[in-house]
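Engineer: only geometry, no sequence info:
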């Protein structure tokens, strides 16, 4: 028969004799403890100093980033139109559509010969389509004996890079009126003078606008005891073509001489 009492007593004695106190009583030498405490203090001090450095650095940069100025730079350039489009619209009326068509065809030949004789080339002249309007098809037209039934409209378009020639021959168009040709002037000026080389002058004008903006920023910086830094933001702005002679009734497309303008918005850093 097993003696459980002896086993329990042995286990109890073994348990009581376990040396827990050895772990608690173990201590480092005094000089090693001193060096360990000093190392921990150095690490903590370095961490505090490093955190303070980054906090101060970001604060400085944040203050610097707030120092900027927004200015506008203006650039203007006088240019000359390099393309002219002349639309000659003329009309013939009558009660006989066939006779009216023959009349307007004859006028087309007269106008074409007039243009060729004054220096235009064949490929600069385009004859548009013939438009016919039958007034009897209009239900709101009154019944008058003297009203003509048909209205025929024809257009000849001159497209030339010789803008001076267009302007000169336009002044001679009265010779065609003397030959019985009736022009339709309901559409305003018959000639449009265009400037098509804007892309060629854009780089030069943007450079001038940027220089003008920097000069304005420099004046502001001088008054605030600062210096102008690099560009923070830039918007080139919209190019505008204006009549060189700007009057109340001036229209850009009717003038050969024009003015191109651009206003750029630029933000500079101040340091």
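Structural biologist: Ah, there it is. Please read these numbers as outputs of a predicted model, since none were measured by experiment.

Engineer: Now do the host helix or strand of residue 169, average pLDDT.
Structural biologist: Element membership for residue 169, per DSSP states H and E: helix 163-170. What helix 163-170 shows for mean pLDDT is 96.

Engineer: So what touches the helix or strand following it?
Structural biologist: As assigned by DSSP H and E, the chain's next helix or strand after helix 163-170 is helix 174-177. Contacting residues not belonging to helix 174-177 are listed as 110, 111, 114, 183 [C-beta atoms under 8 Å, 6 or more residues apart in numbering]. Glycine gets a C-beta too; all of them are placed from N, C-alpha and C.

Engineer: hang on, the earlier thing: which of the residues in the helix holding residue 169 are classified as buried?
Structural biologist: Residues 163, 165, 166, 169, 170 are the ones in helix 163-170 that count as buried (16 or more other C-beta atoms under 10 Å).

Engineer: Counting neighbours, what do you get for the residue nearest to the third one when sequence neighbours are not counted?
Structural biologist: When the adjacent residues along the chain are set aside, residue 166 lies closest to residue 84, with 3.9 Å between them (C-beta to C-beta, 6 or more residues apart in numbering). By other C-beta atoms under 10 Å, the residues close to residue 84 number 22.

Engineer: does residue 84 sit in a helix, a strand or a coil?
Structural biologist: Secondary structure assignment for residue 84 (DSSP: H, G, I helix; E, B strand; the rest coil): strand.

Engineer: can you pull the contacts of it?
Structural biologist: 158, 159, 160, 161, 162, 163, 166, 167, 191, 192, 193, 194 are the contacts of residue 84 under C-beta under 8 Å, 6+ apart.

Engineer: Give me the distance between it and residue 201.
Structural biologist: 19 Å (C-beta to C-beta, to the nearest Å).

Engineer: if you go through this structure in chain order, where are the strands?
Structural biologist: Along the chain, counting by DSSP state E, strands occupy 68-80, 83-94, 125-127, 131-134, 150-160, 182-183, 191-194, 228-235, 239-243, 257-270.

Engineer: so what strands line up beside the longest one?
Structural biologist: Right, strand 257-270. Strand 257-270 has the following strand partners under DSSP bridges: strand 68-80 (antiparallel), strand 228-235 (antiparallel), strand 239-243 (antiparallel).

Engineer: if we can go back for a sec, of the contacts of residue 84, which qualify as buried by neighbour count?
Structural biologist: Buried members of these, counted by 16+ other C-beta under 10 Å: 158, 160, 162, 163, 166, 191, 192, 193.
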